[in-house]
Structure formats: structure tokens, C-alpha cells
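Visitor: Sequence plus the predicted model coming up.
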Amino acid sequence: HFYKRQCSSECHLTIMFVLFLLLLPALLYAEGAMEEIIAGPGDEILLTCPVNTEVCGAYHSLKWYHEDTRVYVFSPSAQFRNAEGALMNRCLDPSQQSLGPACVRGSLEVTDTSADLRISPVELRDEGEYRCEITYLDISNNCPVVHFTEVLTVAAPESVTITDHEDEDITGQVVGPYAAGAEVVFSCQAEGGKPAPAMTWMLGDEVLEGDISEEEDKETGSWNVRSELVLLLDREHTGADLTCIVEHEALDDTLDAHIQVDVNVPVSSVSLAEEVSGQEGIEMILSCTAVGGRPAPTLSWIMPDNVQFKQEDSSSLLDDETFESVSKFTFTPSHEENEKEVSCQAINDVMDEALEDKDVLFVEYAPQVNIQEGNETAAAGDELLIDCEINANPEEFSNIQWFHNENAVDITDDRFHWENTATPSLSINPVQPSDAGTYSCSAENSIGQTRSPLTYNLEVTAPVESVTIQDDLTGTADEEMAIFCISTGARPAAVLEWVMASTDDLSFEVEEETNLLEDNTYETTSKLILTPHKGLNGMEVSCQAANEVMEEVLEEKAELNILYPPSVTIEEVNITVSTGEELIIECDIDANPENLTLVQWYHNEDVLD
């Protein structure tokens, strides 16, 4: 210390030479090789110092030094012994007052052959070179006066901890979650070891090296070692064990500290189950699986509008500490969902966009039959086409049938025709009045049979086909008679009208009756009731028939045959004749029928023969 404080650089060599000369006798009289002792904190060690009083005589004093500091002095002649320096440190520590006299860590065990220094308990700072110096009363015997002992103190690290970038102790914890691609810093601290321990990292099975820094605790003599590891996190680090391993010569086994790294990673894949087919009206389950995400992703479905569904999700942890998430989507499909796109999306906290898988639904369903709706009118003899469209899956039809007034249309009738396809329009050629009515269509596939909910209403029009007046129009004058006129083949029903040359002095009435025939046409019967007089005999009577589809009336004519008794007319005249002359008197007879059965003349009320 004097050298360090007072000596300038110019006197270095002089001082070193003087010291050499002073130490030379001691070096010349040092005994044997240096002894080495290895001890740990709390141990008890015995440093030997041989003395040879038999050969060398008595000694005046004996001093123990730790490096350059005296730690014990003993004088047998003065009967004085005392520990000094570091061996008295506990006695100066107020916290160690309870030790009393036992606070002294050094004691001297003296025999005729040795003066050994016992140190207990050993502290780490006790490491270093110890020497005992013996001062014999007689120095002429060339006896060894210095004995050296090297003490090495060794201590296992007291603890090992792992801290995060904020220097928080995270030992034994699951740390994170961190996002994949993030760079994180972990530190491992081993405290209290001497010498400084070796430190390595293990990430799973991979050995990693950190940046090592060491710092000695001047007060205790121990070393604090810190290893800082910078880790770029990736998917493979999810759930990995990160271990800091401390090795030290004082340890039988390594000292370890562990953390588990929780790394959030995006979903690696999302997939819909291959089975996306079902049948209308039967419950269907879709399955979507998202693999490789951490934390477990949220799964959502994008379906056609207005689909009622139930969703059940579950997640399981895989060996790589990521999650496999499964979503079950249960719904009852209708034909409207067929060929519609379904999408499953998966996203977790580290994803900006969802990962998606899509597919197209395949829903089998019975035919959906749509027929041309409306009220149509066709003329008899026309060609008519009634449209029908069938939406079905599958589109293979086992049967397509048209119905007329709830009765199956006879496909063997050449007037009717349709194809066994998705557009089985009904062709009717030619249209007949009997075709009037309602039409519907049904179709059948492997799933079921369906009939069109709507119907096609057809009205068929036809003109009057015939009008007939009864053959015999014979009546009796001044007696009521009836004349019948019948029209047939009309649709709608015909209107009948009677036309006569003269209706003067004639009273009549008409009664009319209409009947629907089997061929779906109308027969109209008109009954003309009249009381004819003989003046109507031979009068022409016309029956005219027409309906709304006719531009001209259909007509039949006939003459009345009115029977009446003979009426006799003699011209009133005064005739003078001579006897013997021939006289012709004319008599006019009007009668129907004209075949008279008797003509009788009278003279003054007497029958002429």
C-alpha cells in the first residue's frame, strides 16, 4: 500500500529490489511445496504450520497472514494469541451479536510440532494464499520459518432464475403469449456461485448460447452470472420448454430453471369435410377443422340467407401445443340451398385476415314443379302449348304426368304430347272443347313425387255447329202450339232468336233451356209458344243461333202449317134467270187441309141432292 500511494514510477525498480532482499531469507527458509485446501462456505479447515522446537529451539512468535494481511498472531513467551482481520469480521457485525465470543472464526491449535490455524466457518472471501511466519529465538539453525497454504473457496450457485425483458422473475411460468415472428429477450441469473458457473440454454432439444456477463460480489466474494438470450419466435416454439442450465464444480448435478414459451401463431389450415351433400328435409351436419392456431381460433360459417342452424365448436391441444378446432354446423337443408356456396372461416388474435375454405352444397330434393299460371282461352282447332318447368336434384325423372281436371292425360292420344325432361311442356293439337278445364303437372325422381301447386285454366270456344227446327210445324188455328229449335256444338252456349215475317195480331212467348253435353259443348233448346190464326199458315219462321265467337248467325227456316176448318164464301148477288136456263153459282172454300170430305149445297135451308 505504501508502494501504491507514495512511490513514483522512477523508484519502481529500487523498491522491488529492496523487497526482494527483505523476503529472500524467508524464501530461502520456506518449507516444502505449497499445500492446497478446497473448502466451501460453512466448512471448517485446518491450515498447518509445522514448528520444530526440538531442532530449532523455541520461537518468539508466530504470525498467520492471508495474502498481505495478518489474521492471527501468537507469542508463546508472552502467552498472547489473537485473531485479527477477516477472522474477526463477525464480531464487528451488529447482526452477529448473539454469537458472543464464538464470533471469532479463527483459532490456533498449538503443539510441540505445529501451530495450525483453524478457520470455521469458512467464507468465500477466505480464498487466497495463507502463510505462517515463525520467529525462532535462534536463527542460526537455518530452520524453515515460512509455510504456505493455498485456500480455494468453492460455492455452488444459490439460485438460478429466468427473467423477462422487464427483469421480472418468470421462473417456472408459462410466458407470453407472444406473436410468431416476435423477438423476445430472456435472461438467466445464477447467484452466489464461486467460481463463476457455466451457463447454457436449451430450447427443446436445441442448445443455445446467450451473452454471458459476470459480476463479483465484493462483499461475499461470490459471482453473479447473467446469460441474456435473444430469441426470434416461430411456430415451432409454441409450447416449447426453455431451460437455463447451470453447471458448477460444486454441484453433483446441474441447476436448472424452466419456462414454457407460449407463442401465438396463426391457423395453418382450415378445411371443410368432404361430405357436403344431403337431402331436403333431412338434418345435415357440416364439419370444419382448423389446425395449427394458438390461441384456439374462432370459427364462423357463411351460409345462404335465412338458414336456421345450430353450431357446436370444440378445441383440443395437439402435441405441438397448437390447437385443432372443430366446428359442427347442423341445419335442415331445402332445395334453395342446392349449389349454394358455403364457407368456413377461422381467425385468432394474431391474424389480420381469416383463413377460409369453401365448397358448394349438394342437396337432393324432390321435383319442384312450376306450371304456367293463368286463365287462357283457345279456339277449338287451335294448337296449344302449356309451359311447365321442373327443378329437381337429381334431374333423372322416373315419371312425368299431366292432369286434366284431376284425371291423368292419356299420353297415347295423338293430340297430346310432352317430353320426359325438365321442361315437359304439354302440346295439344288440335284443341277440342272437351279440353277445357284445369291442368296440372307432376314429376317424380328418386327422392319423391311433387305436383305443381298452381293450375292452368283453359277455356275452349267453339261456334254453333248446327241449328235445327223441328220437322213438323203443324198447328191448329186458334189453338196453342209449340215449336222447338235446337242448336248444338257451341261453347259458350248459343243464343237463339226467332224471326217471323209478321207478328201482327200474334202473341207468343219463348222458353229456352241449355245443357252441357259430354263433349263439353252446349245444346240450347228454344221453345216458341204461340196461338196461331189461320192467316199464319205458310208463314216462314226462322231460328237463328250464335255465340260470342261467331261473326254470323247460323239459321234454319221452316213454314207454319196451320190447320183450320173450311170457310165458305158465296158472292152476294141477285141473279135473275129464266126457267130452263143453266145457272152456275160459285162457292169459294178456304180450308187446310184442302182435301174436303164433304161439300153440301142448301136451298132455302134444304139440302140439295
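Guide: Arrived safely, thanks for sending. Only a predicted model underlies this, so the values are computations on that prediction, with no experimental measurement involved.

Visitor: And E444, what's its pLDDT?
Guide: In this model, E444 is scored at 94, pLDDT.

Visitor: Please apply the same query to E54.
Guide: Confidence score, pLDDT, at E54: 85.

Visitor: who touches the nearest residue to it once chain neighbours are set aside in this structure?
Guide: The shortest distance from E54 to any non-neighbouring residue, by C-beta to C-beta, 6 or more residues apart in numbering, is to D112 (7.5 Å). In this view, the C-beta of every residue, glycine as well, is placed from N, C-alpha and C. Applying C-beta atoms under 8 Å, 6 or more residues apart in numbering to D112 gives the contacts V51, T53, E54.

Visitor: Helix, strand or coil: sort out D112 for me.
Guide: At D112 the chain is in coil, as set by DSSP: H, G, I helix; E, B strand; the rest coil.

Visitor: And it, how far from F74?
Guide: 14 Å (C-beta to C-beta, to the nearest Å).

Visitor: And the residue nearest the centre of this structure?
Guide: In the chain, the residue lying closest to the centroid (C-alpha atoms, centre = their mean) is W301, at 2.4 Å.

Visitor: Just list the residues touching that residue, thanks.
Guide: Taking C-beta under 8 Å, 6+ apart, one finds L286, C288, F309, Q311, S327, F329, V342, S343, C344, Q345 in contact with W301.

Visitor: what does E133 give?
Guide: A26, L62, K63, Y65, V145, V146.

Visitor: Let me have these in CSV, extended by pLDDT, neighbour count and secondary structure.
Guide: Below are those laid out as CSV (pLDDT from 0 to 100; neighbours: other C-beta atoms under 10 Å; DSSP: H, G, I helix; E, B strand; the rest coil):
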residue, pLDDT, neighbour count, secondary structure
A26, 43, 13, helix
L62, 94, 24, strand
K63, 96, 18, strand
Y65, 97, 20, strand
V145, 92, 21, coil
V146, 93, 18, strand
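
Visitor: circling back: can you say which of the contacts of D112 are buried?
Guide: Buried members of the contacts of D112, scored by 16 or more other C-beta atoms under 10 Å, are V51, T53.

Visitor: Mind putting the contacts of D112 into TSV with distance to L361?
Guide: Listed next are those as TSV, based on distance: C-beta to C-beta, whole Å:
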residue	distance to L361
V51	105
T53	110
E54	112
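
Visitor: sorry, back to before: T461: which of the contacts of E133 is nearest?
Guide: Using C-beta to C-beta, Y65 comes nearest to T461 of the contacts of E133, at 142.3 Å.

Visitor: For that closest one, which non-adjacent residue is closest in space?
Guide: R131 (5.1 Å).

Visitor: Please apply the same query to R81.
Guide: F74 (4.5 Å).

Visitor: I figured the one you found hits V110, correct?
Guide: Yes: in this structure, F74 is within contact of V110 by C-beta atoms under 8 Å, at 6.9 Å.

Visitor: Which one's more surrounded, the two?
Guide: F74 (22 against 14; other C-beta atoms under 10 Å).

Visitor: Okay, H237 and Y65: tell me how far apart.
Guide: 56 Å.

Visitor: swap in A546?
Guide: Taken as C-beta to C-beta, the span from A546 to Y65 is 154 Å.

Visitor: Same check on N537?
Guide: Applying C-beta to C-beta to N537 and Y65 gives a distance of 182 Å.

Visitor: Next: A179.
Guide: 61 Å.

Visitor: if we can go back for a sec, return the member of the contacts of D112 nearest to I428.
Guide: Using C-beta to C-beta, the contacts of D112 come closest to I428 at V51, 143.6 Å.

Visitor: got a list of what the closest one touches?
Guide: Per C-beta under 8 Å, 6+ apart, neighbours of V51: Y59, L62, D112, T113, S114, A115, I134.

Visitor: Next one, pLDDT for it please.
Guide: Looking at V51, the pLDDT reads 92.

Visitor: Roughly how far does it sit from L530?
Guide: In terms of C-beta to C-beta, V51 sits 182 Å off from L530.

Visitor: try L272
Guide: L272 is 90 Å from L530, by C-beta to C-beta.

Visitor: So, low pLDDT: which residues of this protein?
Guide: 1-33, 503-504 (pLDDT under 70).

Visitor: which residues does the residue lying closest to A78 once chain neighbours are set aside bridge with?
Guide: Sequence neighbours aside, S61 is the residue nearest to A78 in space, at 7.8 Å (criterion: C-beta to C-beta, 6+ apart). Note on S61: beta-bridge partners by DSSP bridges are T135.

Visitor: On the three-state scheme, the residue nearest to Y65 is what?
Guide: Going by three-state DSSP: R131 is strand.

Visitor: Next: L99.
Guide: The assignment at L99 comes out as helix when based on three-state DSSP.

Visitor: so what's it closest to, chain neighbours aside?
Guide: Per C-beta to C-beta, 6+ apart, closest to L99 is R90, 6.2 Å.

Visitor: give me the number of residues near the one you found?
Guide: R90: 17 neighbours (other C-beta under 10 Å).

Visitor: give the contact list for it.
Guide: Here R90 is in contact with Q96, L99, C103, V104, R105 (C-beta under 8 Å, 6+ apart).
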